[in-house]
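>>> Predicted coordinates and the sequence they were generated for:
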Amino acid sequence: MNTATTAFVAHLGGRPATAGELAPLAFAGYAHFTAAQVRGGRIRGLDLHLDRLRTASLELYGRAVPDARVRELLRAAVEAGPDDLSLTATVFSPSGEFTAGGGDLEVLVRTGPPADGPDGPLALAVVEHERDLPAIKHVGEIAKTHRLRQAVAAGFDDAAFVDRRGRLTEGTIWNLAFWDGASVIWPDAAMLVGTMMGVVRRRLEGLGVPQAVREVTPADVAGFSGAVVMNSWTPGVEVNRLGDVALPDGREFVDLLHTAFRAEPPVEL
């Protein structure tokens, strides 16, 4: 691990990518990715990131880069930078968009400064939106940024989505979780199941914390004792307002989720 440098990288095939190689990707919209925080050269929930990339590749391309190769590419990028960093691994086909595909898949690994997410609490606007292929973390989602900017213009910090049935699903770049005073409640709807969500769920189970998956509507929110958003940055940022509903102090809920996350052992690449 190189701790002396503060350089970050964009690696393609385990080596620094050239401008010529990156140019076709500048406006590419048919690809998928995973994002992770690296601390001390290690990643919590590495198995979930590998599973995400494999599963999405099989869905989009009918084939996948072997896990061992992905891990090798991640390691090369991490070893080229400082101990703590943000990492994004994007899988794509060089044949690009609007084709029937074919050929080997490529993995672009980018690193940057580490991030821990906002401090919160956050106020979320509630907007109707359904992501295409919601179970896949894919690129080219202009609608999410558009909804975020609309929410900020309306005086909120970010946005949460409801589907056509009126169920809360997820945030722009977040999963949602609620606390009813005894159990963690996860929304039951079509969504991207985040790697952080996966880590937290299995560690809460290990801690003996009750969990339930059920449909949650905006009208249900007033009955909860707390709410958070989470993603690869953080296991929990407090939400104190969802639409017109003010939520009670959720710091204890946030602390519980952070405790669960810390119980997940970081994995060496």
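Okay, I see it. These numbers come from a predicted model, not from an experiment.
>>> now stretch 212-232: how far from the chain's centre is it?
Computed by CA atoms, centre = their mean, to the nearest Å, the chain-centroid distance of stretch 212-232 equals 18 Å.
>>> What residues sit buried inside it?
Within stretch 212-232, the residues that count as buried by 16 or more other CB atoms under 10 Å are 216, 218, 220, 221, 224, 226, 227, 228, 229, 230, 231, 232. From N, CA and C alone the C-beta is placed, and that goes for glycine too.
>>> Specify the local secondary structure of the fourth one.
Okay, so that is residue 221. helix (DSSP: H, G, I helix; E, B strand; the rest coil).
>>> try residue 104
Residue 104 is classified as coil under three-state DSSP.
>>> Let me see the backbone angles for the closest residue to it other than its chain neighbours.
In space, not counting the residues next to it along the chain, residue 104 is nearest to residue 94; the distance is 7.7 Å by CB to CB, 6 or more residues apart in numbering. According to degrees, to the nearest 10, the main-chain angles of residue 94 amount to phi -60, psi -20.
>>> mind checking how far residue 94 is from residue 224?
As judged by CB to CB, to the nearest Å, residue 94 and residue 224 stand 47 Å apart.
>>> list the contacts for the residue nearest to residue 268 when sequence neighbours are not counted?
Excluding the flanking residues, the one nearest residue 268 by CB to CB, 6+ apart is residue 42, at 5.5 Å. Counting by CB atoms under 8 Å, 6 or more residues apart in numbering, residue 42 makes contact with 266, 267, 268, 269.
>>> between the buried residues of stretch 212-232, which is closest to residue 46?
residue 232 (12.1 Å; CB to CB).
>>> Please identify the helix or strand for the nearest residue to the closest one once chain neighbours are set aside.
Excluding its sequence neighbours, the residue lying closest to residue 232 (CB to CB, 6+ apart) is residue 35, at 4.6 Å. For residue 35, the host element (DSSP states H and E) is strand 31-38.
>>> can you give me how far that strand is from the chain middle?
How far strand 31-38 lies from its chain's middle: 7 Å, per CA atoms, centre = their mean.
>>> Which positions within that strand qualify as buried?
Of the residues in strand 31-38, 31, 32, 33, 34, 35, 36, 37, 38 count as buried by neighbour count, 16+ other CB under 10 Å.
>>> could you say what helices and strands it packs with?
Helices and strands touching strand 31-38, by 3 or more CB pairs under 8 Å, 6 or more residues apart in numbering; DSSP states H and E, are helix 46-61, strand 85-92.
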